[in-house]
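Colleague: Sequence plus predicted model, see below.
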Amino acid sequence: MTLSLAVDTHAPRRREQAKAANREAILAAGRQVFAELGYEGATVRDIIRRTDLAAGTFYNYFKSKEEVFQALAEDAARRFRPMLRAAREQATSFESYLRQAVTAYLRFRSGEHALLGLTGPPLRARASTPEMTALFEEVRGGIEDVIARGLAPKVDAEYLACACIGMAQEVADCMLMRDPHDLAGASDFICDMVLGGLAQARARVLSP
């Protein structure tokens, strides 16, 4: 007599789906809790209570509310990247690319700040994560593209990307501490500073 054992070939896939669903449930709960209680007022217990998961399950995915926030920030970076790509594709000059990208970033940060219920100093996601690295590469790629198309002077694209990102982040943090958020003023300031610096770079290149 031959015995056959049934093997559930779909079990690994179901486990992965369950893990993904649990993680998404925690992130959705975190987003709701931060929006209602604010980041400072929220606790891990508040987040767990918004899910059907046990406390032990939460800690299989995240160690703290800070890690939940970081994951939400990475998700935001992933959602913002297509906006940068659109600015790049629609650019008719470096200035148009810069203004579209900066305005989109400030508007996005303002919306996320309000969505997560942040009332104190803005929180910054870690820059070394894969999503943040991909976001930097998107900015650098956009700058390299406009330079290659002759829409910007030939400068170090990596330096310029770092300068644009750093200035945009710092000015955005300052803007978010004001009420109301001055999107137009912040955007004009960043763009004027970057464009003014590029004008100086162009003058150095052209000077004998």
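Modeller: Nice, I can see it.
Colleague: what about stretch 85-101, distance to the chain center?
Modeller: 18 Å (Cα atoms, centre = their mean, to the nearest Å).
Colleague: for stretch 13-26, same thing?
Modeller: Using Cα atoms, centre = their mean, the offset of stretch 13-26 from its chain centre is 23 Å.
Colleague: ok, and what's touching it?
Modeller: Here stretch 13-26 makes contact (Cβ atoms under 8 Å, 6 or more residues apart in numbering) with 47, 51-53, 57-58, 60-62, 68, 71. Where you see a C-beta, it was placed from the backbone N, CA and C, and this is true even at glycine.
Colleague: pLDDT (mean, whole number) over the helix or strand where D192 lies?
Modeller: Using DSSP states H and E, the element containing D192 is helix 183-206. Helix 183-206 shows a mean pLDDT of 85.
Colleague: One more: stretch 94-101?
Modeller: For stretch 94-101, mean pLDDT is 91.
Colleague: how about it: buried residues?
Modeller: By 16 or more other Cβ atoms under 10 Å, the buried positions in stretch 94-101 come out as 94-95, 97-101.
Colleague: got the contact list for the helix holding D192?
Modeller: 94-95, 98-99, 102-103, 106-107, 110, 152-155, 160, 163-164, 167-168, 171-172, 174-175.
Colleague: excluding its backbone neighbours, what's nearest the spatially most central residue of the chain?
Modeller: For the chain, the residue nearest the mean C-alpha position is A77 (2.5 Å; Cα atoms, centre = their mean). Nearest residue to A77 in three dimensions, chain neighbours excluded: E131, at 4.3 Å (Cβ to Cβ, 6 or more residues apart in numbering).
Colleague: Against C174, how distant is that neighbour?
Modeller: For E131, the distance to C174 (Cβ to Cβ, to the nearest Å) stands at 24 Å.
Colleague: Between these two, which has more neighbouring residues?
Modeller: Shown here are E131 and C174; by other Cβ atoms under 10 Å, E131 has more neighbours (19 against 13).
Colleague: Could you list the buried residues of the one helix or strand the more buried one maps to?
Modeller: Element membership for E131, per DSSP H and E: helix 130-148. For helix 130-148, burial by neighbour count (16+ other Cβ under 10 Å) applies to 131-132, 135-136, 138-140, 142-147.
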